[in-house]
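Engineer: What follows is a predicted protein model with its sequence.
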Amino acid sequence: MFFTFWFQFFAAIIAAGFLYGAIYLLMQDKAEKHIHHVAAEKDTNLTTAELAAYDGRTSGRPILVSLCGKIYDVVSSAALYGNGGQYNSFAGKDITVACAKFNKTSDAYFNAQWTGLTKPERELLAKWEELFAKKYPEVGKVTDVDNMAPCPQSNEGIAMQADAYSTTLGMDLFAKKHIS
Ligand SMILES: *[C@@H]1O[C@H](CO)[C@@H](O)[C@H](O)[C@H]1NC(C)=O
Ligand SMILES: *[C@@H]1O[C@H](CO)[C@@H](O)[C@H](O)[C@H]1NC(C)=O
C-alpha cells in the first residue's frame, strides 16, 4: 500500500513534467510562427532603404509595398504578402517593374527604374495600379524613387484590351487570385 502510493506519486510527477515540456515546446513553436502585423499610419513617406524594413517578417510592423512610388498597406492580405506568403518577395519593395514584367523572382526588378517598359508591360502595370488603388490604402510615397516618368493609369487612355502577353502571363493572376 505504502509502496503503491509512492509509485503513483512519482509517476504523476514524471507525467506532469512531460506534459509541461510538451506544452512549452508547443507554445514556443506557435510564438515563432505567429507574426503580428499592425496597420500603417498615414503619411508614411520612406526611402527605399527604409521601406525594406516592412517586409512582413517582423512583428509589430505594417507590411508595405510600393507601386509606382506609392506606398500601400497590404496588411489585409498578410497571408499573401507576409512571411511565407506567395508574394512575400514583394513586401518592403517598390514592385513596379516586377509587376509590369510579371516576375516576382528576379531581384533586378525590385526598386527598379520603370522607364522603358514596353506597351504590353505598361498595360499590365496599369491593371496592377488599378487593383492596388482599389484594394489597399495608400499610406505614403517613396521619397527616393529616382524616376520622372509617371506610371500608366488605366484611366489615362491606355487601351486595356488583353493581348497575348498579358493574357497568358498576367490576367490569369487577376482572374484567380486578386479580383473577386
Ligand atoms: C509625404 O509625401 C506627400 C506627397 O509627396 C506629402 O504631401 C506629405 O506632406 C508628406 N508627408 C510627410 C509627413 O512628410
Ligand atoms: C524572371 O526574370 C529572371 C531574370 O530575367 C528570369 O531568369 C526568370 O526566368 C523570370 N521568371 C519568370 C517567371 O518570368
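Structural biologist: Noted; the coordinates are in hand. Numbering: from 1, shown residues only. Ligands and ions are numbered 1, 2, ... in the order given.

Engineer: What residue, apart from its backbone neighbours, is nearest C99 spatially?
Structural biologist: W128 (4.3 Å; Cβ to Cβ, 6 or more residues apart in numbering). The C-beta positions use only the backbone N, C-alpha and C, and glycine is treated the same way.

Engineer: what about stretch 100-110, near ligand 2?
Structural biologist: Yes: part of stretch 100-110 sits near ligand 2 under the criterion Cβ under 6 Å from any ligand atom, namely N103, T105, S106.

Engineer: Report how many residues lie close to the nearest residue in space to T105 that is not next to it in sequence.
Structural biologist: Closest residue to T105 apart from its sequence neighbours, by Cβ to Cβ, 6+ apart: S89 at 7.0 Å. The number of residues packed around S89, counting by other Cβ atoms under 10 Å, is 18.

Engineer: what sits against S89?
Structural biologist: K104, T105, F110 (Cβ atoms under 8 Å, 6 or more residues apart in numbering).

Engineer: helix, strand or coil for it?
Structural biologist: When classified by DSSP: H, G, I helix; E, B strand; the rest coil, S89 comes out as helix.

Engineer: Next one: I71 from K104, what distance?
Structural biologist: In this view, I71 and K104 are 18 Å apart by Cβ to Cβ, to the nearest Å.

Engineer: Comparing those two, which residue is more hemmed in?
Structural biologist: I71 (26 against 15).

Engineer: Wait, a strand at that one?
Structural biologist: Yes: assessed by three-state DSSP, I71 belongs to a strand.

Engineer: Could I get the contacting residues of it?
Structural biologist: Contact analysis of I71 by Cβ under 8 Å, 6+ apart lists A40, T44, N45, L46, L51, L64, V65, E138, V139, G140, K141, V142.

Engineer: care to break this protein down by domain?
Structural biologist: 1-34, 48-175 (automatic domain parsing).

Engineer: Pipe these into a markdown table and attach mean pLDDT per row.
Structural biologist: Formatted as a markdown table, the domains of the chain follow (pLDDT from 0 to 100):
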| stretch | mean pLDDT |
| --- | --- |
| domain 1-34 | 68 |
| domain 48-175 | 83 |
